[in-house]
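Visitor: sharing a sequence plus its predicted fold:
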Amino acid sequence: MPAQWLQCHRCHGNSLKDTWVGAARGGAAQLAYPVLFILALQYVMTMLAGMTEPLFGLVTVLTVVLLINERPALAAAVASFAPFARPEYVAFIPAVMLWLVIDKRWRALPWTLLGFAAYMLPTEIVYGDLLWFWMKDPYGYAGEVYGSGPWDFFISSGGGVR
């Protein structure tokens, strides 16, 4: 297992370096890494296993790269699809919007609604509810599965950890 872990991190380190070199060259070179990444067996197996973390990671990294490359409207449009990958969008989209506000990219802000708008029409047709995403949120029922406790549970229980 440690050898696989090391190999995985060495591979990602090389990939990051290659991405940097590809971005510096521009053109088709900067598209090679995402295409090869999507074709990688481990990535495909993880995605087919129903894991949403890689998809959210892809949306997050792509959004940040677009923001750094000063493509704010496209970054906002990509970020708008984050809610359909993971519930962590509740922190991610406001962070993207804050970046846009600080950078004074006002015209890009409406693009953060693209993902919701794109999903509203199909959900109206299929379910008869424009707000289906919020009304039938599967995480809304998670309290029954996971239970609940006081807000300071981990802090107050910390004394038993050795």
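Guide: Okay, I see it. Numbers count the residues shown, from 1 in each chain.
Visitor: how far away is Met97 from Asn69?
Guide: Going from Met97 to Asn69 by C-beta to C-beta, to the nearest Å gives 18 Å. The way it works is simple: take the backbone N, C-alpha and C, and place the C-beta from them, glycine included.
Visitor: can you check Pro150 too?
Guide: 45 Å.
Visitor: and the closest residue to Leu55 other than its chain neighbours, how many neighbours does it have?
Guide: Counting by C-beta to C-beta, 6 or more residues apart in numbering, Ala85 is the residue found nearest to Leu55 once chain neighbours are left out, at 4.4 Å. Counted by other C-beta atoms under 10 Å, the residues lying close to Ala85 total 19.
Visitor: who's more crowded, Pro150 and Asn69?
Guide: Each of Pro150 and Asn69 has its neighbours counted (other C-beta under 10 Å); Asn69 has more, 12 against 9.
Visitor: which stretches of the protein form helices?
Guide: 2-25, 29-39, 41-48, 53-68, 72-79, 89-102, 114-127, 132-135, 142-146, 153-156 (DSSP state H).
Visitor: Arg107 reaches Ala76, doesn't it?
Guide: No: taking contacts as C-beta atoms under 8 Å, Arg107 lies outside contact range of Ala76: 9.5 Å.
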